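1. Sequence and predicted structure, then a few things I'm wondering about:
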Amino acid sequence: MNILHLKYAVEVEKTRSINKAAENLFMSQPNLSRAVKELEESLGITIFKRTTKGIEITPQGEEFLGYAKKILLQIDQVEALYKGDAEKKQTFSISVPRASYVSDAFVRFAKEIDLSREAEILYKETNSMRAISNILQSDYNLGIIRFQTAFEKYFDAMLHEKRLKSELVREFSYAAVMSRDNPLAKKDFIEFEDLRDYIEIAHADPYVPSLPMAEARKAELSEFVNKRIFVFERGSQMELLKNVPSTFMWVSPISQETLNSCNLVMKQCHDNKKVYKDLLIYREEYRFSALDELFIKKLNEVKNEY
């Protein structure tokens with residue numbers, strides 16, 4: 001077993017395809033297959049199982065790949081340290097839910113990036129499963145996941161299985177946000193029945209462990225609404241809310257400044273009993289960088305202000 005074998009195995013896991021992995025590694029498919037076979041024989045385990053649907057990872061293989069990625073990460077960190085790359089380039093990467101308070105924290109964070117040094121910043125808005133996957137497979141360092149407390153045990157089990165640590169960012173219930181021109185904007189409080197004739201703007205990619213997509217959407221969406229627009233991108237969601245008075249959306253806390261700039265109002269709904277948690281997640285062995293610490297500081301600032 002050598003470092004190249006570790007890199008080969010991790011690339012196969014990432015692509016779930018020997019052919020695609022070989023292409024990414026600039027080597028032939030037979031040579032990659034041979035290297036993976038040699039690795040499995042040297043370890044005495046089967047890492048990958050080939051099926052009609054492609055490559056599957058065995059339980060022993062998943063355990064091994066977890067160690068392999070840790071080793072490769074440590075090698076990268078050592079090389080960066082002694083080659084001086086850590087001083088030359090600032091790096092930061094995070095996957096987050098579509099949340100205004102997280103976006104506001106990121107803007108404050110971006111204002112304080114050291115302009116005298118190179119910087120590579122990755123900020124991706126996505127669902128919880130992809131945030132977890134980005135850390136495990138796509139070299140993202142941080143993630144923020146969101147889930148209903150009703151599904152907390154499933155997410156806790158998944159984080160434990162994937163060897164990811166977590167810290168609570170905030171706990172909340174959704175409020176409804178809508179245009180100031182929406183007739184409901186004049187009410188002090190709204191009820192589910194008030195929203196029946198309006199269009200719900202919803203995230204297009206909800207995720208709940210162990211549930212198929214149809215059930216996940218049912219768990220996340222309003223049962224009393226039969227008119228929806230599914231959108232992936234948060235900016236488009238805000239534009240729809242701003243310009244189509246017949247729309248509304250369930251949201252985590254939004255600043256008054258953002259509401260004013262988009263001509264929106266946020267209304268509490270006493271019928272909405274669902275409670276959500278946002279968790280910061282990262283690999284067990286990961287140590288926060290200076291930029292990570294700066295982002296977390298800004299996140300806490302915004303959380304305390306809202």
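-> That came through, no problem.
2. Roughly how far does residue 20 sit from residue 54?
-> 10 Å (Cβ to Cβ, to the nearest Å). No exception for glycine: its C-beta is placed from N, CA and C like everyone else's.
3. For this protein, which segments count as helices?
-> Remark: helices assigned in the chain by DSSP state H are 3-15, 18-24, 29-43, 59-83, 85-88, 100-111, 128-137, 152-161, 213-220, 234-243, 256-261, 290-305.
4. Of all these, which one is nearest residue 273?
-> helix 213-220 (13.3 Å; Cβ to Cβ).
5. What's the mean pLDDT across the closest one?
-> Computed over helix 213-220, the mean pLDDT rounds to 64.
6. before we move on, what about stretch 132-139?
-> 84.
7. what do you get for stretch 171-181?
-> Here the average pLDDT along stretch 171-181 is 95.
8. Would you mind measuring the gap between the ends of that stretch?
-> 30 Å (Cα to Cα, to the nearest Å).
9. Same question for stretch 260-275.
-> 26 Å.
10. Buried residues in that stretch, which are they?
-> 262, 264-267, 269, 272 (16 or more other Cβ atoms under 10 Å).
11. What is the distance between it and the centre of its chain?
-> 23 Å (Cα atoms, centre = their mean, to the nearest Å).
12. One more: stretch 62-69?
-> With Cα atoms, centre = their mean, you get 21 Å for stretch 62-69.
13. got it, and stretch 169-184?
-> So, by Cα atoms, centre = their mean, the centroid of stretch 169-184 is 22 Å from its chain's centroid.
14. Equivalent analysis for stretch 168-182, please.
-> Distance, centroid of stretch 168-182 to centroid of chain: 20 Å (Cα atoms, centre = their mean).
15. Just the buried positions in it, please.
-> Neighbour-count burial for stretch 168-182 flags 169-170, 172, 174-179, 182 (criterion: 16+ other Cβ under 10 Å).
16. ok, the spatially most central residue of the chain to residue 267 distance?
-> In the chain, the centroid-proximal residue (Cα atoms, centre = their mean) is residue 131; its distance is 2.4 Å. Using Cβ to Cβ, one obtains 28 Å as the distance from residue 131 to residue 267.
17. With distance to residue 144 as extra columns, can I get the helices of the chain in a markdown table?
-> Listed next are the helices of the chain as a markdown table, based on distance: least, Cβ to Cβ, whole Å:
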| stretch | distance to residue 144 |
| --- | --- |
| helix 3-15 | 22 |
| helix 18-24 | 28 |
| helix 29-43 | 34 |
| helix 59-83 | 20 |
| helix 85-88 | 25 |
| helix 100-111 | 6 |
| helix 128-137 | 7 |
| helix 152-161 | 12 |
| helix 213-220 | 17 |
| helix 234-243 | 14 |
| helix 256-261 | 18 |
| helix 290-305 | 8 |
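18. Show me the one of those that comes nearest residue 250.
-> That would be helix 213-220 among the helices of the chain, by Cβ to Cβ, at 8.7 Å.
19. before we move on, back to that, lowest average confidence across the helices of the chain, which one?
-> helix 85-88 (a mean of 56).
20. Residue 177 contacts residue 240, doesn't it?
-> No: contact criterion Cβ atoms under 8 Å: residue 177 and residue 240 do not qualify, at 11.1 Å.
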